[in-house]
Structures are given as structure tokens and as C-alpha cells.
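Visitor: only the shape, not the letters, is given here:
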């Protein structure tokens, strides 16, 4: 073609007045002005500071819907959340707004998206698509295994346990800091073992790479590595996802922030949504600084604030605003609502811990008589042990309750045992799963298990290696060999494989656990879950990345009432709401914790934790504190309400003091 005849034809973006006529919804009518301003952004970086109860999810949902409405290809939109459930719910709502196109958006957790991208592009950094994801217990077992291999088991009594070592390694990954710095900042009492821990750290990482294993943190570590070293993959992935949205940005760590920056390498179309005042997960590696420094990472970022609250009454918001106004660093905002009327929050002083518990139980019974369902009432606390006395009082009063906590489903030994056999089938190089499966067999101890694993790794046929063993463990090893041969049949579905493994494991379950009937229910649930999958590797990846929350071993209790009061730590309550909220142990030394007094950063996180607790309440809020309580840890008497209440004007609270109906009655605790 003659270049002299070539012309460029510019495709123009529709003007705002054109969009208003062609969009499928009247966004201005369905959103408040602050939400609408954020939703109307198309290109460029944006930070949305979403105050508690201000419609953060609604804003994200409508922003995704409007992007698609404006002609953006749904598959080029990436929605990153902290739970799969959150992503699914948001995309489901998008579909309700604009139809099935919403389901074409890529939505998921940071780790699930990383898993998908690494299986597709990971070969350039030495990761084959069939790599195995280690859960926390597996990673700890690998550390313990390597510790023995390196001769570190006898290092000394104060050498950290495997769980602590994994925490240290995880802190290195999530903060992008070296081991030396992490030890100096957070584990100074283990600094004497820096050399040994460095050897273990290097061996741990080398073994994972050699055996095609990745732990939970590695998913993001290796994705960052891929994006940094493989220019082609970075360009392809960044062009694939031209519009990135991130939920709960205040809960991200340094590693996640860096991954987001690399994903936007070919564009800056990143919108992050969060609330700096609700950043409360530093213990998990989250950093408050990410949301504060977003404008430095993306200098052209526009900042939007959502301040209209749809959850709480104005008296509750007034207390919340007063608490957070004293924060040393923040994006200034003032929550407001059209729900101007409502009772003042109550500040309740109790003489001791048991009177505090009795008050909460009695008031809950009164609320129940007034027609408030128990399920719409919550008691929140800073730490789990703060509720021990209250639990006894609630039981005495026959008030049914559920307490957030307990072992997670994937952390239970019986679930990990069963999955170990399936992981061996998926990845024969998974030494941790081999070790776990072998130790279940009668006659196999730690040394024999290590010896067998060594032979298996050198053999092209693990089943034949197992059959070659003699002695006391021979029968059990032969059974295991037969199981693995059955599981390897290509035509078997994941549910068939889980069922087959369960048949093999059931006698072992009965031998190892007195409460095996309850544990069996968990394993049967695993079979049902597997029915949704066509491939074993997808099933194993999903159940590791997004495990069920609870095990029946931990939550089942006899004669449970369908309607139950909620007891919860504040960390577990974030994102939830109740009509009535009781916040207990609001005394200096417990909330804020005495451990936070030495660090300004820790003290500020405690302040944000209280802000989160207060903003869980919709209509009624009770702030309860006992006085004259002896604290064994500090050797002092706790007698002052939380210092965070100093900033709250007395006019914003109704003060209650508890008195006995019969002052001559000597009740325990007075």
C-alpha cells in the first residue's frame, strides 16, 4: 500500500452528556454525590476513602457496572478482594445491575489470582503448572523437617518453634524486608540465632523451589518475581487487566502493594477502596502506610471520600468521630447520617469483672423481652480471654451464644491427614504430605518415615518402593501403595478420589481420635465439596486458598438454639453489624492493651480498633468497663476507663453506674 494514501482515524470517547443518554442505569439517581463522583472515574488512579458503613461495596459494584456500561470489555477488569465470597457477591450484584456481562469480570483474592497467573506464566521462573500449595501446617512441617536435616533441633531451649519460624519467614515475605531486619524489629530475643535461621531460611526456599512447592506467601512472592524479571509476562498480564479495583486496601501489606503496582505497569487504571481508620491487621503484616502513601505510588491519583453512613444513628457516629479525630495520621473525614434520632451510647461502670458480666447478661435478656432477636445483638472484646467470665454467666442464665474462633477447618488434623494422600497423587515430590501419610501407619516413626521418603524420591515408582518394605509396618505400607495406585486412575473424579481415600483412612481415624464420629462429618463434607470439581488440582488449590471457616469439632454443641447471641473479638467482627453492641473491658491496660503503651504505632492501631468496634452498632451501643481489677500480667490495678474515651465529650454519652438490688446481698466479685 502507498503510505502517502494512509490516514489515521481517531475513535473518540463519548462525552458525559452522551453517556447519560446511553447508559443502562441512572447512576446519579441511585448513588449519593460522593459515591457517584467515585463511580464516574474511568481512566487513571483513584483512592476512595470509604468511612464505616458508607456504602463501600455499593460504590465498587456500581463502578464495575458503569465501566462495562461505558464499553469496557468485562474480561479486562480485575477485582481483587480478601475473600472469594466478597468477590462473588460483588460480581453477582454487578450482574443484577447490567446482566450476565458482570460474570465475565475477573474477581478473586490476591492469592487465588496469583495462583492462576503463576500456573499460566510461571515456567519462566521455574514453576511448573502442577506445583503444590502448602497450607500453614504443611509449611511448618517442612520447616521442622529441614531443621532436623540441618542439625538445628539441639540448638538450644530458646530456639524458636516451627510456627514462630514460619511467622518470621512470612514477615520477611510480606514486608519485603531481609531476615536480619525482621529479627531486629520484631524478634530481637532470637537474634542470637540469626545465622542458623538464615541457613534454615535459605534451605526452606531452595527446597520449595526444588520440589515445586509454594507456601501461602510464596504465591505473591513468586508473582512479584515473575512480574519483575519477565518483561513479556508483565506486559501481557498488565494489558490483559486494564482496569484494576482493590477492596479493603487498608489491609494490604507491602508485598501486595508492590504486586498491584506491577500489574498496572502498562497503565495506571487502579482504583483502591478502603478506610485508613479501619486498618487493624498489623499483626498479619498489613501496613497502615499503604493507604496513606497511595498518592506517592500513583502521583496522579484522585482522592474521593465517602462520609455518609447508612448503618448507625448520629449519636453513635458522634462518638466514633470523636475517637478517631485524635488519630495522629489520617485522612480527615466526618461520618454523618440522615438517621439523626437515636439513644445516646451508654458508658457503663462496673465494680468488677463479674458485675460487668451480670450486667451484660441481664440487659440482653431485657432486650430479648423487648423483641430484639439474640442474633441482632453482639458482645465485642479486644481479646478472646476477656469473655471467659461472661461465657460462664451466659451459660448460667441459659442464653445461647456462639463465639467466633476455634480451629479452622483446614487446620484440623483429620482433614490434613486425608488431604495429604491426595496431594501425594497430585505431586509425588511433596515430601511433607508423604511424611504425614507415613506417620499414620502403625510401625512407622519419624526416622523410618524420613528413610522411606528418601527412597521414594529416588524411585520412579513410589508404590513399588512401599511394597519393598518389610517388618512391622509392611501391611500398612502395602495398603497405602494399593490406595495410591487406585487414586492415580485418570478417569476418577475428585469426589471419587476423596471417597476412596476416606475408605482407606477411616480405620486410622478411629484409631487416632476418640471423637471420630464428629471428625468423620468433616471428611464427609470434604467429599461433597469435591463434587463441584472436575480436576483434582483445582480442588486442592481452592480448598487451600479459600478453606471453609469452621469445623464441626469446634462449633457443635448439644441442644443449640437456632437464635444465638454473638460473642466476637473485634478483629473477627470487622465488616459486620448488629442492632445492639456491647463492648466490654473498655479499661486502660486491657483496651488499649498494656503491650501497646511502648509503641506509638501500636497505640494508634488500638485506637482504630475501638473505632471499628463502635461503628458495628446500628441503634444501641453499650461501652462497659470494670474498675479495681488486679491485672496479673502487669501487677497493677486497672481502674481507669480507656484513654481513648478522654476525647469523647460527656454530652455524647449517657453514664450508668451499677448498683445491687439488695445491697446486703454479698454477690461474688463485689
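Guide: Looks like it came in fine. Just so it is clear, the structure is predicted and the values come from calculations on it, not from any experiment.
Visitor: now residue 442, nearest residue through space, not along the chain?
Guide: Distance criterion CB to CB, 6 or more residues apart in numbering; nearest residue to residue 442, sequence neighbours excluded, is residue 476 at 5.6 Å. Every residue, glycine included, has its C-beta placed from N, CA and C.
Visitor: how about the contacts made by that neighbour?
Guide: For residue 476, the contact set (CB atoms under 8 Å, 6 or more residues apart in numbering) comprises 441-444.
Visitor: and the residues you listed, which two are furthest apart?
Guide: Maximum pairwise distance among the contacts of residue 476 (CB to CB): 7.4 Å, between 442 and 444.
Visitor: so which of those two has more stuff around it?
Guide: Shown here are residue 442 and residue 444; by other CB atoms under 10 Å, residue 444 has more neighbours (22 against 10).
Visitor: that older thread, so which of the contacts of residue 476 are in strands?
Guide: If you go by DSSP state E, these have nothing in strands.
Visitor: save these as TSV, and put in pLDDT and distance to residue 100 too.
Guide: Listed next are these as TSV, based on pLDDT from 0 to 100; distance: CB to CB, whole Å:
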residue	pLDDT	distance to residue 100
441	93	51
442	89	55
443	89	57
444	90	53
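Visitor: using CSV, lay out these together with distance to residue 361.
Guide: Below are the contacts of residue 476 laid out as CSV (distance: CB to CB, whole Å):
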residue, distance to residue 361
441, 50
442, 50
443, 53
444, 51
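Visitor: OK, contacts around the nearest residue to residue 225 once chain neighbours are set aside?
Guide: Excluding the flanking residues, the one nearest residue 225 by CB to CB, 6+ apart is residue 125, at 5.5 Å. Residues near residue 125 by CB under 8 Å, 6+ apart: 222, 225-226, 229-230.
Visitor: what's the spacing between residue 125 and residue 210?
Guide: Distance of residue 125 to residue 210, computed by CB to CB, to the nearest Å: 14 Å.
Visitor: ok, residue 400 next?
Guide: 52 Å.
Visitor: when the two are compared, which one has more neighbours?
Guide: More neighbours surround residue 400 than the other of residue 400 and residue 210, with 16 against 10 (other CB under 10 Å).
Visitor: I figured that one hits residue 563, correct?
Guide: Yes: taking CB atoms under 8 Å as the definition, residue 400 is a contact partner of residue 563 at 7.0 Å.
Visitor: overlap in contacts, the two.
Guide: Counting by CB under 8 Å, 6+ apart, the common neighbours of residue 400 and residue 563 are residue 374.
Visitor: what's the pLDDT at the closest residue to residue 229 other than its chain neighbours?
Guide: Take residue 229 and drop its neighbours on the chain: the residue closest to it by CB to CB, 6+ apart is residue 125, 6.5 Å away. Predicted confidence (pLDDT) for residue 125: 96.
Visitor: how about residue 125, phi and psi?
Guide: The phi/psi pair for residue 125 (degrees, to the nearest 10) reads phi -110, psi 20.
Visitor: any idea how far residue 67 is from it?
Guide: 32 Å.
Visitor: can you check residue 40 too?
Guide: 10 Å.
Visitor: of the two, who's got more company?
Guide: Higher neighbour count among residue 40 and residue 67: residue 67, with 25 against 17, using other CB under 10 Å.
Visitor: confirm that one sits in a helix?
Guide: Yes: applying DSSP: H, G, I helix; E, B strand; the rest coil, one finds residue 67 inside a helix.
Visitor: hmm, residue 41 and it touching each other?
Guide: No: using CB under 8 Å, residue 67 makes no contact with residue 41, being 9.3 Å away.
Visitor: could you pull out the helices in the stretch 101-250 of the chain for me?
Guide: 110-121, 136-149, 162-175, 179-186, 194-211, 216-229, 231-240 (DSSP state H, counting those that start in this stretch).
Visitor: so which of those is nearest residue 454?
Guide: Of the helices of the stretch 101-250 of the chain, nearest to residue 454 by CB to CB is helix 136-149, at 10.5 Å.
Visitor: give the rounded mean pLDDT of that closest one.
Guide: 91.
Visitor: residue closest to the middle of this structure?
Guide: The residue lying closest to the centre of the chain (CA atoms, centre = their mean) is residue 82, at 6.3 Å.
Visitor: which residue packs closest to it, ignoring adjacent ones?
Guide: Residue 82 sits nearest to residue 248 (CB to CB, 6+ apart), 5.4 Å away.
Visitor: quick one: contacts for that neighbour?
Guide: 81-82, 273-274.
Visitor: do the same with residue 220
Guide: Here residue 220 is in contact with 110-111, 114, 173-174, 255-256, 259 (criterion: CB under 8 Å, 6+ apart).
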